Structure formats: structure tokens, C-alpha cells
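Trainee: A predicted structure for the sequence below; I have some questions about it.
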Amino acid sequence: MADTRGNKSTNCGAVTEQLTVTICRCEEITEADVLAAYQAGYHTVDEIKRKLRLGMGPCGGRTCMPLLLSLLARLSGRPIADIAPPVVRPPLKPMPLGMFEPLLPAEGKEGGGQ
Ligand code: FES
């Protein structure tokens, strides 16, 4: 149910602020998107990340993960410290450092430019 300013109230804790707030700028995910996922049964950071791609943009979740943790804490009624952070995975396979040599500036190829 929305009030005259567009604020929505839910039966999931004390989330009553405007749900059009953007949580993830990179993937254009709003608080309403997260709330819909939460109400559909996606309750962990990793579940929501997989469902919505939240945190998978160019910033790698640096901006949106703290916001998601805060929102999940409010929705679940638990402290943020009790919300498990996302699982961080290394690259699919090791990459040799020499692969990046063509990207170095000219002085970097000559032993560090000193
Ligand atoms: S703001 Fe979510 S991945 Fe960048």
C-alpha cells in the first residue's frame, strides 16, 4: 500500500521508505526489486545476487553490497553482523603475469623504469 508520496509499507519489518531507491547503480536494481526477491524466498546475499545480478556490475558490488546488507538486516530483523556477506570467488583459472606484459607502459617493460 502506498501513501500520497509514493512510500510503500510492507509486512516485512520496518521498511517504509520510498521503494524506488536505487540499490545497485551498475545493474539498475531498486529497493523494490530486492523486496520482491525477498518476498519470493530469496533471503541471502548470494541468492539475491544470483537472482538480480546485484553486485555483478563494473564496481563489483563496492557500492551496493553495504546497502543490500543493510536492507536485508532490516527485512529480517537481524543485525547486519548476522547477515552473511557474499561468497568471493577467484578467477576461473590461474593467469600467468606475463599475459599482462603487453599492457605495461614502455618503461615498465625495462625493469620498472628505475
Ligand atoms: S553498484 Fe552494484 S555492482 Fe556496482
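Mentor: Great, that's in hand.
Trainee: and the residue nearest the centre of the chain, how far is that from the ligand?
Mentor: Centroid-nearest residue in the chain, with C-alpha atoms, centre = their mean: Gly55, separated by 3.0 Å. Distance, Gly55 to the ligand, using C-beta to the nearest ligand atom, to the nearest Å: 5 Å. Quick note: C-beta positions are derived from backbone N, CA and C, even for glycine.
Trainee: Check Pro90 too.
Mentor: 18 Å.
Trainee: now do Pro86
Mentor: 11 Å.
Trainee: secondary structure class for that residue?
Mentor: coil (DSSP: H, G, I helix; E, B strand; the rest coil).
Trainee: per-residue pLDDT, it?
Mentor: For Pro86, the pLDDT comes out at 92.
Trainee: what's near enough to touch the residue nearest to the residue nearest to the centre of the chain when sequence neighbours are not counted?
Mentor: Excluding its sequence neighbours, the residue lying closest to Gly55 (C-beta to C-beta, 6 or more residues apart in numbering) is Gly61, at 3.2 Å. Counting by C-beta atoms under 8 Å, 6 or more residues apart in numbering, Gly61 makes contact with 24, 49, 54-55, 86.
Trainee: From these, which land in helices?
Mentor: Lys49 (DSSP state H).
Trainee: Just want the phi and psi numbers for the residue nearest to Gly55.
Mentor: Note on Gly61: its backbone torsions stand at phi 90, psi 10 [degrees, to the nearest 10].
Trainee: Let's see the pLDDT reported for it.
Mentor: For Gly61, pLDDT reads 92.
Trainee: what does this protein have sitting close to the ligand?
Mentor: 24-27, 54-55, 57, 59, 61, 63-64 (C-beta under 6 Å from any ligand atom).
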